[in-house]
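Peer 1: just a sequence and a predicted model for now, questions to come.
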Amino acid sequence: LRELLNESGVIFISIDEIEEHHLRNICDEVFGPENFIEKIVWNKRIPKNDKGIGNIHEYVLVYVKENLIRHKFKLPKEGISEVYNFVDILKKKKIPIMDAEQQLKKFYDKKGYDRGITLYCNLDENYRIWGKINVSWPNAKNGPRYDVLHPKTKKPSRVPDNGWRYKEETFKDYLNYENVIERHDHSFVCGQMWFAKDEKTQPSYIQYLDNVKDFLLRSIISIKSSGGSELDKILPGHGFAHPKPSQLIKFFLQTIKEDDFIILDSFAGSGTTAQAILELNKEDGGNRKFILVELEPEICKNIAAQRVKKVIKGYEDVPGIGGGFQYAVLDKKLFNSDGRINDTCTLDELAS
């Protein structure tokens, strides 16, 4: 599979605890240990109790073809669309900023969002969402110390115990004393910095939510292992054991920045990957393409292909999402007994 990846390619390999350590050694040999990205723990939520312990997780190993290419696996923050929609309603109703901020905080409490969203609970005059970012030096050693004048009192603001996060020149670039905005709570916006009503509170950097709407893929994910019930609705009586949930595949696909590339699933099984790609393309208008490979002809023909057909055309009360695929069979005579392609075959035979 490594040879099929382009230079910026990435591979996600799902495995349980029985063979994970062997797989890691093999992948280090094939890809090189420097191309290992992460071992992701997938919390399936449903325990497997065959060893006296409720095992609820499996692993997904992530390797890249070339680590010199900078890879960032990002996801939109969960619930961020709901937040934007909620604030849009407040804006259309012309709710005063002070009241709108209170309603936004109550909305956060109700939804229980991650701090990566709830930190951003302020609104500017255009209802753009922002939060206060700590500007104290983050490391063990102390940062620079200098005076920063409060925009109202003109007195030096409180300096963080560890010093400032930024050099003085950088901090000055963030300030705009000629355009100071006094907020409803008598705090102040001065350029890209927030100041309390007086100099006794250290200022904060203003960061807008739409600038940090994504977060890096984390090494522990929690997605219910509901692949069986999902497939039951599409193909009742399918008889396929332990299919992956399409939500898991979509989750990893969303971490890839582009939306026009080819995904190869070399162990296609019930065709979960095809469903995930078709649904994701429908949701975001992407042009992702898939190649699915399955060595068991009956599974490929009677389960995977039928599943993809129903997802495309619709089933029961679920409308089809459109798309298409081609079904192909490689002739067994093209392969030797060890599974390798017969090097005596001509190109025409391989392409037939």
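Peer 2: Arrived safely. Numbers count the residues shown, from 1 in each chain.

Peer 1: for the protein, name the helix or strand with the lowest mean pLDDT.
Peer 2: Ranking every helix and strand in the chain by mean pLDDT, DSSP states H and E puts helix 347-351 at the bottom, with a mean of 46.

Peer 1: where does the stretch 1-150 of the chain have low pLDDT?
Peer 2: Confidence mapping of the stretch 1-150 of the chain against pLDDT under 70 gives the ranges 49-50.

Peer 1: can you map out the strands along it?
Peer 2: Along the stretch 1-150 of the chain, counting by DSSP state E, counting those that start in this stretch, strands occupy 10-15, 36-48, 55-64, 74-76, 122-123, 129-134.

Peer 1: present these as TSV; the columns should include distance to Ser222 and mean neighbour count.
Peer 2: Backbone N, C-alpha and C define where each C-beta goes, glycine included. As requested, these are exported to TSV (distance: least, Cβ to Cβ, whole Å; neighbours: other Cβ atoms under 10 Å):
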stretch	distance to Ser222	mean neighbour count
strand 10-15	15	18
strand 36-48	4	15
strand 55-64	9	19
strand 74-76	13	14
strand 122-123	30	22
strand 129-134	25	18
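
Peer 1: make JSON lines from the ones you listed and add distance to Val189 to it.
Peer 2: Converted to JSON lines, the strands of the stretch 1-150 of the chain look like this (distance: least, Cβ to Cβ, whole Å):
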{"stretch": "strand 10-15", "distance to Val189": "41"}
{"stretch": "strand 36-48", "distance to Val189": "39"}
{"stretch": "strand 55-64", "distance to Val189": "41"}
{"stretch": "strand 74-76", "distance to Val189": "27"}
{"stretch": "strand 122-123", "distance to Val189": "9"}
{"stretch": "strand 129-134", "distance to Val189": "9"}
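
Peer 1: what does the pLDDT read for the closest residue to Arg128 other than its chain neighbours?
Peer 2: Excluding the flanking residues, the one nearest Arg128 by Cβ to Cβ, 6 or more residues apart in numbering is Tyr208, at 6.0 Å. For Tyr208, the pLDDT comes out at 97.

Peer 1: surely Val293 meets Ser266?
Peer 2: Yes: judged on Cβ atoms under 8 Å, Val293 makes contact with Ser266 at a distance of 4.9 Å.

Peer 1: tell me the contacts of Leu253?
Peer 2: Ile263, Ala276, Ile277, Leu280, Arg288 (Cβ atoms under 8 Å, 6 or more residues apart in numbering).

Peer 1: try it again at 7 Å.
Peer 2: Ala276, Ile277, Leu280, Arg288 (Cβ atoms under 7 Å, 6 or more residues apart in numbering).

Peer 1: and it, how far from Lys172?
Peer 2: 43 Å (Cβ to Cβ, to the nearest Å).

Peer 1: please apply the same query to Ile95.
Peer 2: Taking Cβ to Cβ, one finds Ile95 at 35 Å from Lys172.

Peer 1: which of these two has more residues huddled nearby?
Peer 2: Using other Cβ atoms under 10 Å as the criterion, Ile95 and Lys172 rank with Ile95 on top: 18 against 14.

Peer 1: quick one, phi psi at that one?
Peer 2: Dihedral pair for Ile95: phi -70, psi 130, per degrees, to the nearest 10.

Peer 1: can you tell me, leaving aside adjacent residues, what's nearest to it?
Peer 2: Leaving aside its chain neighbours, Ile95 sits nearest to Gln103 (6.8 Å; criterion: Cβ to Cβ, 6+ apart).

Peer 1: count residues in the vicinity of that neighbour, would you?
Peer 2: Gln103 has 15 nearby residues by other Cβ under 10 Å.

Peer 1: surely it touches Lys91?
Peer 2: No: if you go by Cβ atoms under 7 Å, Gln103 and Lys91 don't touch, sitting 11.6 Å apart.

Peer 1: ok, back up a step: out of the strands of the stretch 1-150 of the chain, flag the one nearest Val87.
Peer 2: Val87 sits nearest to strand 129-134 of all those, at 6.2 Å, using Cβ to Cβ.

Peer 1: strands paired with the closest one, and their directions?
Peer 2: Note on strand 129-134: by DSSP bridges, its sheet partners are strand 122-123 (antiparallel), strand 204-208 (antiparallel).

Peer 1: quick check: longest helix in the protein by residues?
Peer 2: helix 97-111 (DSSP state H).

Peer 1: that one vs strand 129-134, what angle?
Peer 2: Put simply, helix 97-111 runs at 80 degrees to strand 129-134, going by axes from the mean of the first three to the mean of the last three Cα atoms, to 10 degrees.

Peer 1: other residues contacting helix 97-111?
Peer 2: By Cβ under 7 Å, 6+ apart, helix 97-111 touches 79, 86-87, 90, 95, 117-118, 121-123, 125, 127, 184.

Peer 1: that helix: how far from the chain's middle?
Peer 2: Chain-centre distance of helix 97-111: 26 Å, with Cα atoms, centre = their mean, to the nearest Å.

Peer 1: let me see the mean pLDDT of stretch 260-269.
Peer 2: 95.

Peer 1: end to end, how far does that stretch reach?
Peer 2: One end of stretch 260-269 to the other measures 24 Å (Cα to Cα, to the nearest Å).

Peer 1: quick check: buried residues in it?
Peer 2: Ile263, Leu264, Asp265, Ala268, Gly269 (16 or more other Cβ atoms under 10 Å).

Peer 1: in the stretch 151-300 of the chain, which spans are strands?
Peer 2: 180-182, 188-190, 193-195, 204-208, 214-216, 220-222, 262-265, 289-292.
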